[in-house]
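In: based on what follows, work out the 3D shape:
(2 chains)
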2 protein chains.
Amino acid sequence: MTIENKAGPVDNQHSKQSVLFTLPYTAVHITGGFWAGYQQTNRDVSLVHGFAMLEEAGNLRNMRIAAGLEIGEFAGYLFADSDIYKWLEAVGWELGRRADAALQKMADETITLIEQTQRDDGYLDSYFQIAAPQKRWTDLDHGHELYCAGHLIQAAIAWQRAVDDARLLRVALKFVDHIEALFGRNGRAETCGHPEIETALVELYRLTGDKRHLELAQLFIDRRGRNTMRGHAGYGAVYQQDHVPVREAVEVAGHAVRQLYLTTGVTDLYMESGEQALLDALHCLWADMTERKLFLTGGVGSRFDGEAFGGPYELPSDTCYCETCAAIASLMWNWRMLLVTGQRQYADLFERTLYNGVLSSPGLDGACYLYVNPLQVRNGRYVRASADTGTGEERLRPAWHNCACCPPNVMRLLASLSHYLATVNATGIQIHQFAAAQLAFAVQGEPAQIHMQTDYPWDGRVSLTVTESGALPWSLSLRIPEWCAAAAVSLNGRDIPSPLAANGYLTVTRSWQAGDVLQLDLPLEPTFTVPNPRIDALRGCVALQRGPLVYCFESRDQPDEVNLLDVQLLTEEPLSVTAVSLLGGIRTISVPGRMITSDWQNSLYRPLTKPTQMTSRQVQLTAVPYFAWGNRGMESMRVWVPQATQ
Amino acid sequence: MTIENKAGPVDNQHSKQSVLFTLPYTAVHITGGFWAGYQQTNRDVSLVHGFAMLEEAGNLRNMRIAAGLEIGEFAGYLFADSDIYKWLEAVGWELGRRADAALQKMADETITLIEQTQRDDGYLDSYFQIAAPQKRWTDLDHGHELYCAGHLIQAAIAWQRAVDDARLLRVALKFVDHIEALFGRNGRAETCGHPEIETALVELYRLTGDKRHLELAQLFIDRRGRNTMRGHAGYGAVYQQDHVPVREAVEVAGHAVRQLYLTTGVTDLYMESGEQALLDALHCLWADMTERKLFLTGGVGSRFDGEAFGGPYELPSDTCYCETCAAIASLMWNWRMLLVTGQRQYADLFERTLYNGVLSSPGLDGACYLYVNPLQVRNGRYVRASADTGTGEERLRPAWHNCACCPPNVMRLLASLSHYLATVNATGIQIHQFAAAQLAFAVQGEPAQIHMQTDYPWDGRVSLTVTESGALPWSLSLRIPEWCAAAAVSLNGRDIPSPLAANGYLTVTRSWQAGDVLQLDLPLEPTFTVPNPRIDALRGCVALQRGPLVYCFESRDQPDEVNLLDVQLLTEEPLSVTAVSLLGGIRTISVPGRMITSDWQNSLYRPLTKPTQMTSRQVQLTAVPYFAWGNRGMESMRVWVPQATQ
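Out: Model (predicted):
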């Protein structure tokens, strides 16, 4: 394997503030196991499906109309172009992994169409070009023009880096020049109602080295918080992240995707500027999110209303929003915080969110997606995003969404997933996520390679075989997940002590020889988790986890007499894990519980003095990984279940 | 007192299906105590405030523009006229209680304005007249024209019945003729996206005896459920109660106010038609609401999203909607179900909803109103209806709302409250709600009067003094609230047995003499209530009630060291009730509890195997009636509190 110097989604090689650095995009290949399957489905099914959906929903036709190739009216939400860009970004990363004539052809058509749509002055937005040409840039609060531009830039970066194709980059740069002329240092002091362009512009700066791109990102960030944006449907400036200047923010609030795209961009800006006030605010926001507003799955966004963060400890399993895009935004932010700090907690949350809050979105067939990711569905009716539904209650994952932001977001993440496995610094390599993969890197100029083998997340053994190394000693650091109480490590078959550094990583430093094997064993005993007593929605309940996977109970897996509304889990009894071919090959967990029959059928409330008459019988319940739920129809499901009190 | 034959909001004297009958409007006077205070404030403050707000918000100006008296653009929601009609209805009932020159003048101006606004063809809707004259009746799903017409009819009925003023009735009848010509038996087979006109038309029929009015109500009801309405903001046909024909409905669903205005109208129709299929459906819907979707306060509507009923057992204290108008709609429905069945459960729910879910809306000063009525506010920020807010989080009751449906709805209810205290049948009188009041009625043609004296809901003693009676024996029936375990009854100072009939009422039948005193004593011991174990949001919690009042804990009433997030209630210790001058004169309840300090500060989830380190100290907590919350700023508040386990 040769190392080509092609960066991935984030290239912080030259950033002012980082302790860890991303590897070139082509330096890490997922070679098998869990994630290879997802990447294969993404490539073979999802990207093809996505292109068909972009045609069916009218996104591509919008572009053709705007380009003058077709006559018609604009269809869909005014940010429909962004779905095309995210899909293109995904295809770019995917073609960077391996060529594919069919995908290439779809993408070429699309790129050509985008080139044809762009106006001579650089402007590019099919909605305004078709429906309101005289209203360009008149409503930054709601217009999403800069948001779409941000996704165009990210797609352009992917195509440049992954496949050395500059066509989209030329379009993006021309658009950025147009934007910079209007909104640059001497331009209109405005910003977009939906953050996204900030992170894109910082990354563009990393690609181009053009200081104007960084400066523009900073301007867009600095202009936030004047509390002048008008909100959407009455939600107020907080919806658009305009309620408080970023340096003064102490709470994650408002529309969750907007909030986390913003923190992502601010972290990017901090990496380049080193401004401490930004990092201080980011730490404060991260603490607020993780200590008060985070679901067990890594999902965020407690409220349908405004697709928003709720108050502290407002974490309902049933009516939470937990938008897929918000979980992906959280990954993006956490990845950057990890680069900045080197602390395990960010990689831990990345893992939790990836395996649960994000992975619950795509159906196992790769051609349907959840938008909202609840932790409980009580009566077999899954409530979708209101903007996206006929009846508001569905029994199947939809193939696409009216507001289809989530599916192509999942696609671009899966296509670029290898980017997030490892980093390097001056002394060696750090493994953050475990997957069967080949990793090539260099330490002090000497090339090295590692082959990571694992059946994670089903099995906790991770073997790292050094297949190439220079003479100088270097460090191999492994994240020991916070959920793991007792990891064991051996080197070439001999146990070695495994003390963790303060940052939560275990590091082995030596002069590595080809053939050296470092083996990590993470015990994957199923464990019960309890919630903070302040979380009213979860009081008295436990959840089941195994390794990074949150489990859930679906009604169809339980004995006939079981109603998931009336069960309790026995947490003192042994649990058993079984590998099954179900759902693409998973491990189920068998959990003893009780089925309660009581006299509560016809009332909701009664005096404490009236004792509950109940009988219970022991039943054996079956849990499946949360990410796999709803693939056999949307029946009842719950992550949190009352704990039987003895 | 003479009995004038002026009916109140519902006049079922001649209805086909009723077991109880409403009294003439002027036959019941609230003479003092709790409700007299509310009525006085409503009259002196709220109605005057409401008129000023209708001017400030532009509702009256809309009418003037539509009448050609002023030039300008329409302001507010397109159903803004309905706020005027509800306010007028309130003033009508109020003037029926007692004349008031200032209110009369405001109302006269307004009625004249309405007369001037109505078109020659009978049409009347300021939005369409101003903003979209060519779009009249083109969008029944969203246009609210029939909804507004319904409120006009109800106001007209109030003015005719309460003060013998037919001006509004002429306007309404002219509009109804217009509507009937368009949508009557041979007209367009459509109906309104917001139920309301159905109940209004049935009542209009009761006033006019014109069968066309009843038939039109039936047509509008029968046309529902074709699943063709397009919803609002993507909520689908269920939002507008068009998802299922009323006779096939088995679940309360969709927009809560729309659902309960509809069931109210359907109950009215049943009263006139006696069609069993309607009653069967109503019983089914009522059971679904009360057994699965009702908050302890009587509030309904679990979701902000769509202002809607949620799924079964989805009853979150913090993120519930519990719109004031939905609670009022529930009162209206329950009143009619009581008339139809004579069963206590409807009067019980009326009481629960009135004292809690409705009464929490108006501020004690009568010049501010809650729209949304949560049972918990966690961090001092009350989340209002999104359509109605700047920042989405408020610290005070607002003086008015952009969508101001609730304030005038409260006003018309309070103004007509005497209507809901009692009913008669062939054998006597039934007391459903307890208030200091004078009641005049007739049994078999013989006039009778009762003077009810009570300090309810603070005190449980209700004395009924017969002040006039004919010679024939008649029955005096008293609702014994379901929450009351042991009522005591005495007649002229002597205890008498108090067996309840199957319908939940205690009846004393005799030849009453003037001076006879029937005394009811309802023990008002504070009691703890527990929730159905299926309600995940309330697991492990208890609520405190005293008589009909649900209590809550506001942070400002607790010792300094108490954080309401960290308390538990000790339910085995004695409680003490204290009369205080606070909040207009209430009873507080002192409750022993524990303040918990634990090591959970910086995490949301942990393994079950890691024990919680905690210390607790006993504290004395103070509860206030839920209806009075938020009158001293919106700090933290909760109705349900974890029960300390020993």
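In: helices of the stretch 301-450 of chain A, residue ranges please.
Out: In the stretch 301-450 of chain A, the helices defined using DSSP state H, counting those that start in this stretch lie at A:324-341, A:344-352, A:406-415.
In: dump the shortest one to PDB, keeping only the CA atoms.
Out: Yep, that's helix A:344-352 we're talking about. The C-alpha trace of helix A:344-352 is given here as PDB (Å, rounded to 0.1, in the frame of the first residue of the first chain):
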ATOM      1  CA  ARG A 344     -11.300   9.700  25.200                       C
ATOM      2  CA  GLN A 345     -14.700  11.200  26.000                       C
ATOM      3  CA  TYR A 346     -15.100  12.500  22.500                       C
ATOM      4  CA  ALA A 347     -14.300   9.300  20.900                       C
ATOM      5  CA  ASP A 348     -16.500   7.500  23.300                       C
ATOM      6  CA  LEU A 349     -19.400   9.600  22.500                       C
ATOM      7  CA  PHE A 350     -18.600   9.300  18.800                       C
ATOM      8  CA  GLU A 351     -18.800   5.500  19.200                       C
ATOM      9  CA  ARG A 352     -22.000   5.600  21.200                       C
END
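In: list the contacts of it.
Out: A:290, A:294, A:296-298, A:330-331, A:334-335, A:337-338, A:420, A:432-433, A:479-483, A:503-505, A:548, A:550 (CB atoms under 8 Å, 6 or more residues apart in numbering or on different chains). For every residue, glycine as well, the C-beta is placed using N, CA and C.
In: could you check the angle it makes with helix A:324-341?
Out: Angle between the axes of helix A:344-352 and helix A:324-341 is 150 degrees (criterion: axes from the mean of the first three to the mean of the last three CA atoms, to 10 degrees).
In: just the mean pLDDT for helix A:344-352, thanks.
Out: Average pLDDT, helix A:344-352: 98.
In: that one: which residues count as buried?
Out: A:344, A:345, A:346, A:347, A:348, A:349, A:350, A:351, A:352 (16 or more other CB atoms under 10 Å in any protein chain shown).
In: need the residues of the stretch 401-550 of chain A near chain B, please.
Out: Listed as neighbours of chain B in the stretch 401-550 of chain A under the rule CB under 8 Å from any CB of the partner chain: A:402, A:483, A:485, A:527-543.
In: wasn't residue A:590 part of a helix?
Out: No - using DSSP: H, G, I helix; E, B strand; the rest coil, the secondary structure at residue A:590 is strand, not a helix.
In: quick one: residues contacting it.
Out: So residue A:590 contacts A:575, A:576, A:577, A:578, A:620, A:621, A:622, A:623 (CB under 8 Å, 6+ apart).
In: in JSON lines: the residues you listed, plus pLDDT and neighbour count.
Out: JSON lines is the format used below for the contacts of residue A:590 (pLDDT from 0 to 100; neighbours: other CB atoms under 10 Å in any protein chain shown):
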{"residue": "A:575", "pLDDT": "97", "neighbour count": "18"}
{"residue": "A:576", "pLDDT": "97", "neighbour count": "11"}
{"residue": "A:577", "pLDDT": "97", "neighbour count": "14"}
{"residue": "A:578", "pLDDT": "97", "neighbour count": "11"}
{"residue": "A:620", "pLDDT": "98", "neighbour count": "13"}
{"residue": "A:621", "pLDDT": "98", "neighbour count": "23"}
{"residue": "A:622", "pLDDT": "98", "neighbour count": "19"}
{"residue": "A:623", "pLDDT": "98", "neighbour count": "29"}
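In: quick one: residue A:197 from chain B, how far?
Out: Per CB to the nearest CB, to the nearest Å, residue A:197 is found 25 Å from chain B.
In: and the closest residue to that residue other than its chain neighbours, how far is that from chain B?
Out: If the residues on either side of it in the chain are set aside, residue A:197 comes closest to residue A:150, at 3.5 Å by CB to CB, 6 or more residues apart in numbering or on different chains. Remark: distance between residue A:150 and chain B (CB to the nearest CB) = 25 Å.
In: hmm, residue A:150 is touching residue A:202, no?
Out: No - using CB atoms under 8 Å, residue A:150 is not in contact with residue A:202, being 10.5 Å away.
In: model confidence for residue A:638, exactly?
Out: 97.
In: ramachandran angles for it?
Out: Backbone dihedrals for residue A:638, given as degrees, to the nearest 10, come out at phi -150, psi 140.
In: need the contact list for the closest residue to it other than its chain neighbours.
Out: Closest residue to residue A:638 apart from its sequence neighbours, by CB to CB, 6+ apart: residue A:376 at 4.5 Å. By CB under 8 Å, 6+ apart, residue A:376 lies in contact with A:317, A:318, A:637, A:638, A:639, A:640, B:536.
In: then residue A:14?
Out: Counting by CB under 8 Å, 6+ apart, residue A:14 has contacts residue A:206.
In: that one in helix, strand or coil?
Out: coil.
In: my guess is residue A:614 meets residue A:598, correct?
Out: Yes - at 3.9 Å, residue A:614 counts as touching residue A:598 under the criterion of CB under 8 Å.
In: distance-wise, check residue A:359 relative to residue A:40.
Out: With distances taken as CB to CB, to the nearest Å, residue A:359 is found 15 Å from residue A:40.
In: and the two? Which one has more around it.
Out: residue A:359 (24 against 13; other CB atoms under 10 Å in any protein chain shown).
In: name the nearest residue to that one, ignoring sequence neighbours.
Out: Residue A:359's closest residue in space is residue A:627 (CB to CB, 6+ apart), at 3.8 Å.
In: how many residues are close by the one you found?
Out: Neighbour count of residue A:627, defined by other CB under 10 Å: 26.
In: you'd agree it is up against residue A:354?
Out: No - applying CB under 8 Å as the test, residue A:627 and residue A:354 come out as separate, 9.4 Å apart.
In: dump the residue contacts of residue A:316.
Out: Applying CB under 8 Å, 6+ apart, the residues near residue A:316 are A:302, A:537, B:316, B:319, B:537.
In: same question, residue A:129
Out: Contacts here follow CB under 8 Å, 6+ apart; on that basis residue A:129 touches A:66, A:117, A:119, A:123.
In: looking at those, which is nearest residue A:610?
Out: Closest approach between the contacts of residue A:129 and residue A:610, by CB to CB: residue A:66, at 67.4 Å.
In: now the closest one, what are its backbone angles?
Out: Per-residue torsions, residue A:66: phi -60, psi -30 (degrees, to the nearest 10).
In: burial check on the nearest residue to residue A:528 once chain neighbours are set aside, number of neighbours?
Out: Nearest non-adjacent residue to residue A:528, counting by CB to CB, 6+ apart: residue B:608, 4.0 Å away. Using other CB under 10 Å, residue B:608 is surrounded by 15 other residues.
In: now swap in the one 5 residues further on and tell me
Out: Using other CB under 10 Å, residue B:613 has 9 other residues around it.
In: measure it to chain A for me?
Out: The gap separating residue B:613 from chain A is 12 Å, by CB to the nearest CB.
In: quick check: that residue vs residue B:256, distance?
Out: Distance from residue B:613 to residue B:256, by CB to CB: 43 Å.
In: what helix or strand is whichever residue of the stretch 451-600 of chain A sits closest to chain B on?
Out: When distances are taken as CB to the nearest CB, the stretch 451-600 of chain A reaches nearest to chain B at residue A:528, 4.0 Å away. Using DSSP states H and E, residue A:528 maps to strand A:527-531.
In: do the same with residue A:87
Out: helix A:80-97.
In: low-confidence bits of chain A, can you list those?
Out: Scanning chain A for pLDDT under 70 picks out A:1-5, A:233-234, A:384-395, A:646.
In: 80 instead?
Out: Judged by pLDDT under 80, chain A has its weakly predicted residues at A:1-5, A:230-235, A:379-396, A:498, A:646.
In: nothing else from me, thank you.
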